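Chemist: For reference, the sequence and a predicted model appear below.
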Amino acid sequence: MTMKVRDVMPDASNATNFNVVADSQTKVGTTLDNLKSAVQGETGASAKYAAFSKAAAEAGYDQIARQFAATSAAEQIHIKLEVAEIQKKEPDYAPPEAPADVVGTKTDLDLISGALGEIYETSDMYPSFIKVAIDEGEAGAQMVFTRAKLAESVHAELYLDAYNNIDAPDDRKFYLCPVCGYIHKGDDFEKCPICFAPKSAFKEF
C-alpha cells in the first residue's frame with residue numbers, strides 16, 4: 001500500500017481529488033479562521049492518537065501502537081505548519097492546549113475512529129479550507145492545507161489496513177515524513193510522494 005510518486009508535487013491545480021463532499025460538515029471562515037480551526041482539530045487528533053497508542057500497547061498491539069504514535073507525531077507537524085502561517089498575521093498567537101482527558105477504548109474501534117477522522121479531514125475540512133485559500137490568494141496556507149489533506153488520506157488508508165489485519169500483524173515499521181506528515185509503512189520507498197523529502201529525512205517508528 002503506497003501513494004505513487006508523480007512527476008510533480010500534487011496540489012489542487014494538477015490533481016482531481018480535491019472536491020468537497022456534498023454534505024460538508026465544515027464551518028468555513030477566512031483563511032486565518034480556517035487555520036485556527038485546523039490547529040484546534042489537529043491538536044485534538046494528536047492527543048487522541050497518543051492515547052490510542054498507549055491503549056494499543058497495553059493491549060499487546062505493538063505495531064498498531066507504533067502506528068498511532070507516528071500519526072500523532074504527524075498531526076504535530078501539521079500543527080506546527082499551521083501555527084507558523086497564523087503567526088505571520090498574529091505573531092502573539094498561541095495554539096490551544098491538548099485535551100488531557102482522552103483515552104483509548106478497544107483498539108479495533110480506535111482504528112475506525114481514527115480512519116473516520118482522517119477521512120473527514122481529507123474529503124471535507126481541508127478541501128473546504130484549500131478552496132478559500134485559493135480564492136483569497138493565500139499561497140502559504142494553501143500549501144500547508146494541501147500537504148495535510150494528502151497526508152490524512154494515507155493515514156486513513158493505513159488505519160483501515162490495520163483494522164482489517166489486526167489479528168495478522170507483520171514486522172514492518174512506519175516512516176514519518178518530517179516535512180508534511182506523510183507516513184509510509186515499510187522501507188520500500190525513496191522519497192515522500194507529497195513533498196518529495198528524501199527517505200533519509202524520515203523518522204522511524
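Modeler: Perfect, thanks for sending it.
Chemist: Which of the three states applies to the residue nearest to the spatial centre of the chain?
Modeler: Ranked by distance to the mean C-alpha position of the chain (C-alpha atoms, centre = their mean), the top residue is residue 152 at 3.7 Å. Here residue 152 is helix, with the state taken from DSSP: H, G, I helix; E, B strand; the rest coil.
Chemist: hey, where'd the strands end up in this protein?
Modeler: 174-176, 183-185, 203-204 (DSSP state E).
Chemist: re earlier: quick one, grab the pLDDT at the residue nearest to the centre of the chain.
Modeler: What the model reports for residue 152 is a pLDDT of 98.
Chemist: Can you tell me how far it is from residue 120?
Modeler: Residue 152 is 9 Å from residue 120, where distance means C-beta to C-beta, to the nearest Å. For glycine as for every other residue, the C-beta is placed from the backbone atoms N, C-alpha and C.
Chemist: Flag the shaky bits of the chain, pLDDT-wise.
Modeler: Applying pLDDT under 70 to the chain picks out residues 1.
Chemist: and with 80 instead?
Modeler: 1-2 (pLDDT under 80).
Chemist: Do I have it right that residue 141 meets residue 134?
Modeler: No - here residue 141 does not reach residue 134: they are 9.6 Å apart, not a contact under C-beta atoms under 8 Å.
Chemist: higher neighbour count, those two?
Modeler: residue 141 (25 against 19; other C-beta atoms under 10 Å).
Chemist: show me what contacts the more buried one?
Modeler: Neighbour list for residue 141: 31, 34-35, 85, 129, 133 [criterion: C-beta atoms under 8 Å, 6 or more residues apart in numbering].
Chemist: and with 10 Å instead?
Modeler: With contact set as C-beta atoms under 10 Å, 6 or more residues apart in numbering, residue 141 has these partners: 31-32, 34-35, 38, 81-82, 85-86, 88, 129-130, 132-134.
Chemist: distance of it from residue 157?
Modeler: With C-beta to C-beta as the criterion, residue 141 and residue 157 are 25 Å apart.
Chemist: and if you look at residue 79?
Modeler: 22 Å.
Chemist: Check residue 187 too.
Modeler: 18 Å.
Chemist: More neighbours: the two, which one.
Modeler: residue 157 (19 against 11).
Chemist: residues touching the more buried one, list them.
Modeler: Residue 157 touches 1-3, 115, 118-119, 122, 183, 185, counting by C-beta under 10 Å, 6+ apart.
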